[in-house]
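# Let me see the structure of the following:
(chains A and B)
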2 protein chains.
Amino acid sequence: MQNNVIDRKIVDEKLNACGIEDMEDATIRDIVKTVNMIEAESGSRFIRMEMGVPGLAPSKIGIDAEIEALRNGCAQFYPMLEGLPQLKTEGSKFVKNFVDIDIKPEGIIPTTGSMQACYAAFMAVTECVKGKDCILFIDPGFPVQKTQVQVIGKPLKSFDVYNYRGEALRDKLEEYLSQGDIAAILYSNPNNPAWISFTPEELQIIGEMANKYDVIILEDLAYFAMDFRRDLSRPGIPPFQPSVAKYTQNYILMISGSKVFSYAGQRLGLMCISDALYNRKYENLHARFGGLGTLGYTIVNRIIYTMTSGTTHSCQYAMAAILQAANEGRMNILEGVREYAERAHAMKNLFTKYGFQIVYDKDLDEPIADGFYFTLTYPGFSGGDLAREILYYGISAIPLRDTGSTKQGLRACVSQTGLERMPELEERLKAFAADHQS
Amino acid sequence: MQNNVIDRKIVDEKLNACGIEDMEDATIRDIVKTVNMIEAESGSRFIRMEMGVPGLAPSKIGIDAEIEALRNGCAQFYPMLEGLPQLKTEGSKFVKNFVDIDIKPEGIIPTTGSMQACYAAFMAVTECVKGKDCILFIDPGFPVQKTQVQVIGKPLKSFDVYNYRGEALRDKLEEYLSQGDIAAILYSNPNNPAWISFTPEELQIIGEMANKYDVIILEDLAYFAMDFRRDLSRPGIPPFQPSVAKYTQNYILMISGSKVFSYAGQRLGLMCISDALYNRKYENLHARFGGLGTLGYTIVNRIIYTMTSGTTHSCQYAMAAILQAANEGRMNILEGVREYAERAHAMKNLFTKYGFQIVYDKDLDEPIADGFYFTLTYPGFSGGDLAREILYYGISAIPLRDTGSTKQGLRACVSQTGLERMPELEERLKAFAADHQS
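Predicted coordinates for the structure are as follows:
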């Protein structure tokens, strides 16, 4: 071990100082903090892949609209809880144009990030029917969503989808749903961290199961349209972002402003509730939260109202302008973010060149897309050990275990690493390989 | 009844259409909706006093800073969960300058409105000690805070402070706290809706009780410094905003950006946690939420993280600039909002001239301040009946019952009624009096 890029003593010291013995026990934020400290002391800039920090300039259309709204005085007035009318209308058009589904404007609700959309949805769906309060996660997934369920105080179950792709998914879901305690199923598509995408057949299976067991599907579209194998960016023209909404009415979609619009700082997400669910009345929602007892009313007038009283006013104008431009074809929603695919392509090539392997590598028989994340492993290493070992070579990523994967490996995010750093990454990987090749 | 300003049929019709039989059963938002409909159909503009909609232009310093931050690209980057460093520093200086208390910057946490501050605080304080999970409200109060406790799923108790001012407050608090189930006490000061302000002696009693029973005080300073009987606007110069923080370390203060800075649209509040509480570890917080188990860590890294992942980036720059200007004496925090006092003065004069009475009229032996709200009654009317009856005269307000008051009467908010409308108000009150004087 002589080729390491960073002084091993500094790495060990900082891991110690942050109380990290096994990287598998550290949170993403813990690892971010540790790497910050190592960078500061070593003076060496890491290839940072541990956190999804959108690394592109935010939509100018959004910024301009937001500044105009501020100049026009929107800061003075409470936002409407259910959202700005034009945002709701453009959101409704957006899901028609890019997912090819119909949702009335009332079902499009702005939230303080997709994070709030998911939190509010968890709170509502786990209270619709007494005794049916468990969230089923199709893993791997975003760890914080499990923390949300813990904070809310509800039970969760999960399984790694690795061995249950295609028709095998049906039996696996049936195994859980037949027990009667599952209120909702959550997954992300494209998937964080594995960047797998469910096929239309798999989405149909999920939809059919949702209908059969009257379960709500929470579809996290944080990486909307970012399956770059197909061009999903043309309004009203197929192919569209695949969605379970084609196969069931029991759905809530969550669209993030952070990734596709590089708008993470302003905390603006969209919750898209199917028309059928929005106005569906549940006796237990009424008993638990008061009011009308419909799902839409409960989420808007009880949960979002009491959490934050709506969403920052100026950001709603920004998102309305962005969606309108996308709907009218004045802006291509993937223009900026296509770069993530190029980065992923280059990085995956380098990692595999030096002996690493992609863990989740296929959607059935099709290779997965290049995108925001990919998964990595190296022969002979557990996920925790590998996450630690690459630190010595100036590279950071998180172990897969925390994402609910049963595989040994790492999640790597391309967002913080521009193409110009590929030569540096190659050097570091070469050094790693020299020390570890058997 | 011949002098009414609005066609009685229209009022009755719209109340019916909104499902309001007794005004005491309607929420604020229900009443807002009904009055919107009556205004639209009658073509008559109401004297609207039912909702606290800050009616002044937002701080220009805030708007300018927010626009600059957007131009500099803050929209791209996730905000830090615990808040922007300069906002935390200026917040710490602000509470020193205007409340005369010391809180380290780490304890100053931006939230998506005071609403989120209160929600997050409720979630944390009710989980610190097993079995100690009840919130005690010193009423009257803001009804939505009780809805928050309901949404979170915790118990609450409350009493109307009307008969327990001064030393009588001690025994009343002891009666509740001695039962051992109270986690925290919530009140607003100045009070929404009664605009009473606790005296230093009363705050001392509350602080002593908090120490004796190890209970956390949640002090809602939504109407910061707006007790206009004294000039609380000079940084570092007494008198200061009175606070329980002078008498106990068991406190969390909540400061709203909506009222004193007219910044309601952007949803920005500050949660100010005492140094002692911020780092205090509770076994049950660790068991319930994981992580360090300290109050500050749990609120920031578990509750705010999972609710919204922090607070909109640009708004934090706005609030940092506003607080800095206030701290440096470049901006008088009460400059704009003093107008509320003038309005209240004029309106209270008119109402009492035509036979109404102020319900909560004194802080012990001192008349209450003129401010954002006041309370009203008219001989022979219940709160619900009076709220309905004034609708016929083009005036809207909410019954006190929903605020936890045991008194019959109304809460009136001055925020939407400029001084130029006083002649109109007088005409309507004259008509009311002509119809109702015995």
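# what about the nearest residue to A:Gly394 once chain neighbours are set aside, how many neighbours?
Spatial nearest neighbour of A:Gly394, excluding adjacent residues (Cβ to Cβ, 6 or more residues apart in numbering or on different chains): A:Val5 at 4.1 Å. C-beta coordinates here come from the backbone N, C-alpha and C atoms, glycine included. By other Cβ atoms under 10 Å in any protein chain shown, 19 other residues sit near A:Val5.
# next one: A:Val53
Count around A:Val53 with other Cβ under 10 Å applied: 15.
# Ramachandran coordinates for it?
Backbone torsions for A:Val53, taken as degrees, to the nearest 10, come to phi -110, psi 100.
# which residues of the stretch 301-438 of chain A fall in strands?
Along the stretch 301-438 of chain A, counting by DSSP state E, counting those that start in this stretch, strands occupy A:357-358, A:362-363, A:366-367, A:373-377, A:395-396, A:398-399, A:410-413.
# Same check on the stretch 101-250 of chain A?
Using DSSP E, counting those that start in this stretch, strands in the stretch 101-250 of chain A cover A:108-111, A:134-139, A:156-160, A:182-188, A:216-221.
# Indicate which one of those strands is closest to A:Ile303.
Across these, A:Ile303 has its closest neighbour in strand A:108-111 (10.1 Å, Cβ to Cβ).
# how far is the closest one from where the chain is centred?
Between the centre of strand A:108-111 and the centre of its chain there are 17 Å (Cα atoms, centre = their mean, to the nearest Å).
# then it to CSV, C-alphas only?
Extracted in CSV, the C-alpha atoms of strand A:108-111 (Å, rounded to 0.1, in the frame of the first residue of the first chain):
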residue,chain,number,x,y,z
ILE,A,108,-50.9,19.2,-8.0
ILE,A,109,-49.6,20.6,-4.7
PRO,A,110,-46.3,22.4,-4.2
THR,A,111,-44.2,21.3,-1.2
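# Including distance to A:Phe351, mean pLDDT and mean neighbour count, could the strands of the stretch 301-438 of chain A go into CSV?
Shown next, in CSV, are the strands of the stretch 301-438 of chain A (distance: least, Cβ to Cβ, whole Å; pLDDT from 0 to 100; neighbours: other Cβ atoms under 10 Å in any protein chain shown):
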stretch, distance to A:Phe351, mean pLDDT, mean neighbour count
strand A:357-358, 8, 97, 16
strand A:362-363, 17, 96, 16
strand A:366-367, 15, 96, 10
strand A:373-377, 6, 97, 24
strand A:395-396, 10, 98, 26
strand A:398-399, 15, 96, 26
strand A:410-413, 8, 96, 29
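# Quick check: which of these is nearest to chain B?
Minimum separation from chain B across the strands of the stretch 301-438 of chain A (Cβ to the nearest Cβ) falls at strand A:410-413, 12.9 Å.
# how distant is the closest one from the center of its chain?
For strand A:410-413, the separation from the chain centroid amounts to 13 Å (computed by Cα atoms, centre = their mean).
# same deal with stretch A:61-79?
27 Å.
# touching chain B at all, that stretch?
Yes - against chain B, stretch A:61-79 shows contacts by Cβ under 8 Å from any Cβ of the partner chain at A:62-63, A:66-67, A:70-71, A:73-79.
# Quickly note the distance from A:Tyr263 to chain B.
As judged by Cβ to the nearest Cβ, to the nearest Å, A:Tyr263 and chain B stand 5 Å apart.
# and the residue nearest to that residue when sequence neighbours are not counted, what does it touch?
Nearest non-adjacent residue to A:Tyr263, counting by Cβ to Cβ, 6+ apart: A:Gly257, 4.1 Å away. By Cβ atoms under 8 Å, 6 or more residues apart in numbering or on different chains, the contact set of A:Gly257 is A:113-114, A:263-264, A:266, A:268-270, A:315, A:319, A:322.
# which ones among those are found in helices?
A:113-114, A:315, A:319, A:322 (DSSP state H).
# Out of those, grab the one that's most surrounded.
A:Cys315 (33 neighbours).
# Tell me the confidence at that one?
Per-residue confidence (pLDDT) for A:Cys315: 97.
# Quick one: residues contacting it.
Per Cβ under 8 Å, 6+ apart, neighbours of A:Cys315: A:66, A:110, A:257, A:263, A:266-268, B:312.
# Not counting the lowest-mean-pLDDT helix or strand in chain A itself, show me its contacts.
For chain A, counting by mean pLDDT, DSSP states H and E, helix A:28-42 ranks last in confidence among helices and strands (a mean of 93). Contacts with helix A:28-42, where a contact means Cβ under 8 Å, 6+ apart, come from A:6-7, A:10-11, A:13-15, A:17-20, A:23, A:26, A:44-46, A:48, A:50-51, A:143, A:387, A:391, A:396, A:398, A:402, B:81, B:301.
# what about the next helix or strand after that helix, distance to the chain center?
Using DSSP states H and E, the next helix or strand after helix A:28-42 towards the C-terminus is strand A:47-48. From the chain centre to the centre of strand A:47-48 is a distance of 20 Å (Cα atoms, centre = their mean).
# residues near the spatially closest residue to A:Arg421 that is not a sequence neighbour, how many?
Spatial nearest neighbour of A:Arg421, excluding adjacent residues (Cβ to Cβ, 6+ apart): A:Ile47 at 6.4 Å. Look at A:Ile47: counted by other Cβ under 10 Å, it has 21 neighbours.
# now do A:Met80
Residues contacting A:Met80 under the criterion other Cβ under 10 Å number 16.
# check contacts around the residue lying closest to it once chain neighbours are set aside.
Closest residue to A:Met80 apart from its sequence neighbours, by Cβ to Cβ, 6+ apart: A:Gly310 at 6.5 Å. Contact analysis of A:Gly310 by Cβ under 8 Å, 6+ apart lists A:78-81, A:83, A:110, A:304, B:267.
# try it again with 10 Å
A:78-84, A:109-112, A:300, A:304, A:316, B:112-113, B:115, B:264-265, B:267 (Cβ atoms under 10 Å, 6 or more residues apart in numbering or on different chains).
# what does A:Ile304 give?
A:81-83, A:109-112, A:116-117, A:119-120, A:123-124, A:271, A:298, A:310-311, B:115.
# Could you report the distance from it to A:Ala346?
For A:Ile304, the distance to A:Ala346 equals 41 Å [Cβ to Cβ, to the nearest Å].
# same question, A:Gln437
Separation of A:Gln437 from A:Ala346 (Cβ to Cβ): 22 Å.
# So which of those two has more stuff around it?
A:Ala346 (18 against 9).
# Could you pick out the residues of the stretch 101-250 of chain A near chain B for me?
By the rule Cβ under 10 Å from any Cβ of the partner chain, the part of the stretch 101-250 of chain A lying against chain B is A:111-116, A:118-120, A:122-123, A:127, A:144-153.
# What about the residues you listed, which are in helices?
A:113-116, A:118-120, A:122-123, A:144-152.
# Now, of the residues you listed, which are buried?
Buried residues within those, counting neighbours by 16 or more other Cβ atoms under 10 Å in any protein chain shown: A:113-116, A:118-120, A:122-123, A:144-149, A:151-152.
# Near chain B, which residues of the stretch 301-438 of chain A? Just list them.
Counting by Cβ under 10 Å from any Cβ, the stretch 301-438 of chain A comes close to chain B at A:301-316, A:318.
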